[in-house]
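**Q** sequence first, predicted coordinates after that:
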Amino acid sequence: MTGVPDAALLVIAAAIEDHRTVTPPDQSTPAGLAEFIAAYLISSHWTLTVAAPTAPISSMRRP
């Protein structure tokens, strides 16, 4: 459970799929994908805000 609404996850999934379709693999970057997703969310009338982490940053790192 991420706390992210299902509708937002659907928009994110669509953005990822479209990014794969329109961006050649050798030109795809994590930053470019993030911008693409943000643009999709904004164009779908989602508001992006910064939230304080609920856990220390060190505990969010992958092993």
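**A** Perfect, thanks for sending it. Residues are numbered from 1 along each chain as shown.
**Q** helices of the protein, residue ranges please.
**A** 6-22, 30-43, 57-60 (DSSP state H).
**Q** can you list contacts of the first one?
**A** Same thing as helix 6-22. 2, 28, 32-33, 36-37, 39-41, 44, 46 (C-beta atoms under 8 Å, 6 or more residues apart in numbering). Bear in mind the C-beta positions are built from the backbone N, C-alpha and C, glycine included.
**Q** measure A13 to T21 for me?
**A** 13 Å (C-beta to C-beta, to the nearest Å).
**Q** circling back to that earlier point, dump the helices of the chain to CSV, plus mean neighbour count, distance to A51 and mean pLDDT.
**A** Shown next, in CSV, are those (neighbours: other C-beta atoms under 10 Å; distance: least, C-beta to C-beta, whole Å; pLDDT from 0 to 100):
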stretch, mean neighbour count, distance to A51, mean pLDDT
helix 6-22, 13, 14, 94
helix 30-43, 13, 15, 94
helix 57-60, 8, 13, 58
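**Q** just send these back as CSV, with distance to V50 too.
**A** CSV is the format used below for those (distance: least, C-beta to C-beta, whole Å):
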stretch, distance to V50
helix 6-22, 16
helix 30-43, 12
helix 57-60, 14
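**Q** confidence score at P5?
**A** For P5, the pLDDT comes out at 88.
**Q** ok, P63 next?
**A** 56.
**Q** cool, T49 as well?
**A** 84.
**Q** count of neighbours near it?
**A** 5 (other C-beta atoms under 10 Å).
**Q** sounds good, over and out.
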